[in-house]
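1. Pasted the sequence and its predicted model underneath.
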Amino acid sequence: MQALRLHGKRDSWLTLWSQCAPTQVRVEVEFCGICGSDIHEYLAGPILAPAGGNPNEHTGATLPVIMGHEMSGTITELGEQVKGFTIGQKVVVNPLVSDFEHGTPPCLSCLAGRINTCKRATFYGINTPGGGFSSQITVNPSNLILVPENVSLKIAALAEPLAVATHMIRKSGFTAGQSVLILGAGPIGLALLMLLRSMEVGKIFVSEVSDLRIQQARQLGADAVIDPTKVSSANPSNLVLNAIHEVLEEGVDISFDASGLQSTLETAIAAVRPGGAIFNVAIHEKPLLLNLNDISVTEKNLTGGICYTKEDFELVMTLLSNKRIAAEHMITSVVPLTDVVKGGFLELIDNKTQHVKILIQPTI
Ligand SMILES: [Zn+2]
């Protein structure tokens, strides 16, 4: 089969690759989304991918690795020891591989059911052999989530970013009726917006600079979408805070920072009412400055989260099956595997503001 493998910085090409163990399941990949982390690996990698000559100690993965970790597909082969699945079932792959799959003694996180913080966590498509930018992948059966009959594999390929957003909402302590600010309407910000809309959220404010994403945030039900850069010299105040305070004098209950900039962190903190929560969703490239008085004096809670557990994927499948979220709006392009670098990576780098989620479809 063909697969796109990362060899190094700006160095990825299609090659032949194959294997299936008795304990594994072979999945024909139908769709695989491109994540911002794939772009980071392509532009500056290897970052999380193991460097050449330095294999991951738990998976043996080393450059070149097959990329892609947001995949949906169909089961085409069952290893002889695999039970509980049948050929032809539609699935998504939870790419997170924990101690339970590695066969290592479970760490404290794994024992507590928090496999997303497993100290030995690895991912298909990054540092575990096999990825979604490929016609096929072989995975551990425990990494599979069944896709309900009435959910298409195209929509199901969004399960991973939706699971991230689901996990963040669960960890934030959000309860029905609370008002929220989302900073950044990229794939995760929009996923947060859609999911919160399906959970009886109060007011939702979104801060975003890209015209396409502003439009999408409006379509997906934000009460107000504010471009914080549209300040004038006559009125240099914080437009996001102004918009919130017109409606909610003391601020929102929770702000989700899906941008990770100094300016978005400051707005996220200032926008929350006393006792409210600031939840970091972003991956930061560098440390930010923080005056902890801004947290202490008003007893705000600053916290964050990472990834997902299998429960998050299952919750997403239920929401998709019940048509509670219109996730198809996130897909802005679908390209064949042979076009993944030019039509996928470079398109997301050069025309970033024109896209939310590009899917790779190896079967076309
Ligand atoms: Zn662990």
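-> Everything's here; your move. Numbering: from 1, shown residues only.
2. what's residue 166 in contact with, if anything?
-> 195, 308, 312, 315-316 (CB atoms under 8 Å, 6 or more residues apart in numbering). Glycine gets a C-beta too; all of them are placed from N, C-alpha and C.
3. from the residues you listed, which are also near the ion?
-> Counting by CB under 5 Å from the ion, nothing from those sits close to the ion.
4. Quick one: mean pLDDT for the helix or strand where residue 265 lies?
-> Following DSSP states H and E, one finds residue 265 within helix 262-271. For helix 262-271, mean pLDDT is 97.
5. got the residues of the stretch 1-150 of the chain near the ion?
-> Residues of the stretch 1-150 of the chain lying near the ion (CB under 5 Å from the ion): 99, 107, 110, 118.
6. 8 Å instead?
-> Proximity of the stretch 1-150 of the chain to the ion is confined to 98-100, 104, 106-111, 115, 117-121 under the rule CB under 8 Å from the ion.
7. Taking those, tell me the two that lie furthest apart.
-> Farthest pair in those (CB to CB) is 104 and 117. Separation: 14.9 Å.
8. which stretches of the stretch 101-250 of the chain form strands?
-> Here the stretch 101-250 of the chain has its strands, by DSSP state E, counting those that start in this stretch, at 122-123, 136-139, 144-146, 180-183, 204-207, 224-226.
9. what residues does the shortest one touch?
-> So that's strand 122-123. The list of residues contacting strand 122-123 from outside it, by CB under 8 Å, 6+ apart, reads 48, 56, 58-59, 61, 69, 95-97, 102, 128.
10. Let me have the residues you listed in TSV, adding distance to residue 134 as columns.
-> As requested, the contacts of strand 122-123 are exported to TSV (distance: CB to CB, whole Å):
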residue	distance to residue 134
48	18
56	18
58	21
59	16
61	14
69	11
95	13
96	18
97	17
102	22
128	13
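11. Could I have the buried ones of those residues as PyMOL selection syntax?
-> With 16 or more other CB atoms under 10 Å as the criterion, this PyMOL line picks the buried residues out of these:
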select buried, resi 56+58+59+61+69+95+96+97+102+128
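12. Among the contacts of strand 122-123, which are located in helices?
-> Among the contacts of strand 122-123, the members falling in helices (DSSP state H) are residue 102.
13. and which of the contacts of strand 122-123 is nearest residue 233?
-> Distances from residue 233 to these, taken by CB to CB, are shortest for residue 48, at 42.6 Å.
14. So for the closest residue to that closest one other than its chain neighbours, what's the pLDDT?
-> Nearest non-adjacent residue to residue 48, counting by CB to CB, 6 or more residues apart in numbering: residue 126, 5.0 Å away. Per-residue pLDDT puts residue 126 at 95.
15. just residue 209 next, same as before
-> We have a pLDDT of 94 for residue 209.
16. Report how many residues lie close to the residue of the stretch 201-350 of the chain found nearest the ion.
-> Residue nearest to the ion within the stretch 201-350 of the chain: residue 309 (12.0 Å; CB to the ion). When neighbours are counted by other CB atoms under 10 Å, residue 309 registers 20.
17. how close does the residue nearest to residue 221 when sequence neighbours are not counted sit to residue 34?
-> Excluding the flanking residues, the one nearest residue 221 by CB to CB, 6+ apart is residue 197, at 4.5 Å. Residue 197 sits 25 Å away from residue 34, going by CB to CB, to the nearest Å.
18. Comparing the two, which shows the higher neighbour count?
-> Between residue 197 and residue 34, counted using other CB under 10 Å, the more crowded position is residue 34 (28 against 16).
19. And the more buried one, how far from residue 120?
-> Distance of residue 34 to residue 120, computed by CB to CB: 26 Å.
20. Next: residue 201.
-> Distance, residue 201 to residue 120, by CB to CB: 36 Å.
21. Show me which of these two is the more surrounded one.
-> Taking other CB under 10 Å, residue 201 and residue 120 do not tie; residue 201 has more neighbours (23 against 19).
22. Not counting sequence-adjacent ones, nearest residue to the more buried one?
-> That would be residue 180: by CB to CB, 6+ apart, it lies 5.9 Å from residue 201.
23. Compute the number of surrounding residues for that neighbour.
-> Neighbourhood size, residue 180 [other CB under 10 Å]: 28.
24. Kindly report the same for residue 32.
-> Quick note: residue 32 (other CB under 10 Å) scores 32 neighbours.
25. swap in residue 39?
-> Neighbours of residue 39 under the rule other CB under 10 Å: 17.
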